[in-house]
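> sequence unknown, structure follows:
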């Protein structure tokens, strides 16, 4: 059974419908890239998947006993975080709050989970450093470790490479790849980097005003939607 | 000096002033860290003006100030929070409008329905606190202790969640923390602290108690926990020093406390620069 099914979903932003008729399913182990131009509704769709926004039509259902607490999220950086005094450990640990039960303080398991994920992403040695003094790539790793503390099955990533230089971007993509391949994590990534999407993802959802394409990467490469983008010399 | 102090400490009202001063400044500093980081500092400022207006109305209607001011300020806090999120009038303009409006209405009412010949004295007391902290009754102090206990307990129990919501609201919401509830609680607790603290430093100066300790601590410390602890220590220290100096040198309490906060801020700002260099 599919982890997430979207049936004929329409999304509106401040009363204006921006995208209609989105249909797709995500299965365990998939790596789905949602691509499309700025303002095409990518981020809005992602917020709807996270339950931060209501769909104006259609429905999104979770299957295969997927719960909200199994989902991790890597949001885009906010203004507030740029001068926020917090060390790496504090940020990563805050991902553990999603377990659903209320405990005022972090448990031993929470701390072990945070340690494990910091080691996995190679940030254990900077755990006492201040988040705002890290490089962009390090900050993304910290937020990724936090997302992993929250998630055990599905990661939703919003433009993870925004503002990173090419080398760091490659590193980040290979981390995400290995989370998908080696750790069996299902990935949904919003991106405008089509070149990356076709080289890493297993499935592509290309949305504009209406969903132009949804299917596997191989189908996408021979589709009309991809030819139009690459023919225009887009970002691929 | 010690003789003078031990002489003063024989009086209940001096003890009360110290107890209230410590508790209020501790609460203000705790909430202040989140308010400053969430860019909500101006809400604190706006609320203090609303509280001033409410006190004036309570005086006209001859209601005990606390029972009227507290609910009005809490309602204003909720409205300000909502306005910031979605409305045609944007957050900062809404706050400016509400605070200056409340200030004008309050002063107008105090003038028109004055019960005292010395209006400017009354206004000055409400705005700048003057000596009112030295006239606290035992009941005032008990109220203060209970409310402070509520704020501090809530802060400790929800500390981790407060951090999560302050650092990244959308991540917190996406992973199941009810951010809107925490924002609302933060606004309500701020309203409560402001109303209590008006007795200490007066309506105009209360936002200094909220903002300065957090800003000073942020100059030097780099983790949320150390900033929170440092802000609390700074806040309590400055209030104690301020009250002491004002008792000894006969200066206005509120302004003296804020002056102490300013000095600490300057010292921490320089220390922060030196640490970076």
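Happy to help now that I have it. Please read these numbers as outputs of a predicted model, since none were measured by experiment.

> Could you pull out the helices in the stretch 51-200 of chain B for me?
Taking DSSP state H, counting those that start in this stretch to define them, one finds helices in the stretch 51-200 of chain B at B:65-85, B:91-112, B:119-128, B:138-157, B:159-167, B:169-174, B:179-201.

> between these, which one is nearest to residue A:131?
helix B:159-167 (8.4 Å; CB to CB). Every C-beta, even on glycine, is put in place using the N, C-alpha and C of the backbone.

> what's the angle from that closest one to helix B:138-157?
80 degrees (axes from the mean of the first three to the mean of the last three CA atoms, to 10 degrees).

> rewinding a little: right, so of the helices of the stretch 51-200 of chain B, which gets closest to residue B:31?
Nearest of the helices of the stretch 51-200 of chain B (CB to CB): helix B:179-201, 5.3 Å.

> which helices and strands does the closest one pack with?
helix B:12-37, helix B:41-61, helix B:65-85, helix B:138-157, helix B:159-167, helix B:169-174, helix B:206-220, helix B:253-276 (3 or more CB pairs under 8 Å, 6 or more residues apart in numbering or on different chains; DSSP states H and E).

> Can you give the distance of the last one from its chain's centre?
I take that to be helix B:253-276. 17 Å (CA atoms, centre = their mean, to the nearest Å).

> if we can go back for a sec, now tabulate the helices of the stretch 51-200 of chain B in JSON lines and tack on mean neighbour count and mean pLDDT.
Formatted as JSON lines, the helices of the stretch 51-200 of chain B follow (neighbours: other CB atoms under 10 Å in any protein chain shown; pLDDT from 0 to 100):
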{"stretch": "helix B:65-85", "mean neighbour count": "18", "mean pLDDT": "82"}
{"stretch": "helix B:91-112", "mean neighbour count": "17", "mean pLDDT": "82"}
{"stretch": "helix B:119-128", "mean neighbour count": "16", "mean pLDDT": "68"}
{"stretch": "helix B:138-157", "mean neighbour count": "15", "mean pLDDT": "86"}
{"stretch": "helix B:159-167", "mean neighbour count": "22", "mean pLDDT": "91"}
{"stretch": "helix B:169-174", "mean neighbour count": "22", "mean pLDDT": "86"}
{"stretch": "helix B:179-201", "mean neighbour count": "23", "mean pLDDT": "84"}
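
> Could you export the ones you listed to CSV, including columns for distance to residue A:118?
Below are these laid out as CSV (distance: least, CB to CB, whole Å):
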stretch, distance to residue A:118
helix B:65-85, 34
helix B:91-112, 36
helix B:119-128, 50
helix B:138-157, 26
helix B:159-167, 17
helix B:169-174, 17
helix B:179-201, 25
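
> Work out which residue lies at the spatial centre of chain A.
The centre of chain A sits closest to residue A:157, judged by CA atoms, centre = their mean, with a distance of 1.4 Å.

> can you redo the helices and strands packed on helix B:179-201 as a markdown table with distance to residue B:234?
Formatted as a markdown table, the helices and strands packed on helix B:179-201 follow (distance: least, CB to CB, whole Å):
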| stretch | distance to residue B:234 |
| --- | --- |
| helix B:12-37 | 7 |
| helix B:41-61 | 16 |
| helix B:65-85 | 25 |
| helix B:138-157 | 16 |
| helix B:159-167 | 19 |
| helix B:169-174 | 27 |
| helix B:206-220 | 4 |
| helix B:253-276 | 6 |
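
> And these: which comes nearest residue A:80?
Of the helices and strands packed on helix B:179-201, nearest to residue A:80 by CB to CB is helix B:12-37, at 6.4 Å.

> In the closest one, which of the residues would be classed as buried?
Neighbour counts over helix B:12-37 (16 or more other CB atoms under 10 Å in any protein chain shown) mark B:13-14, B:16-37 as buried.
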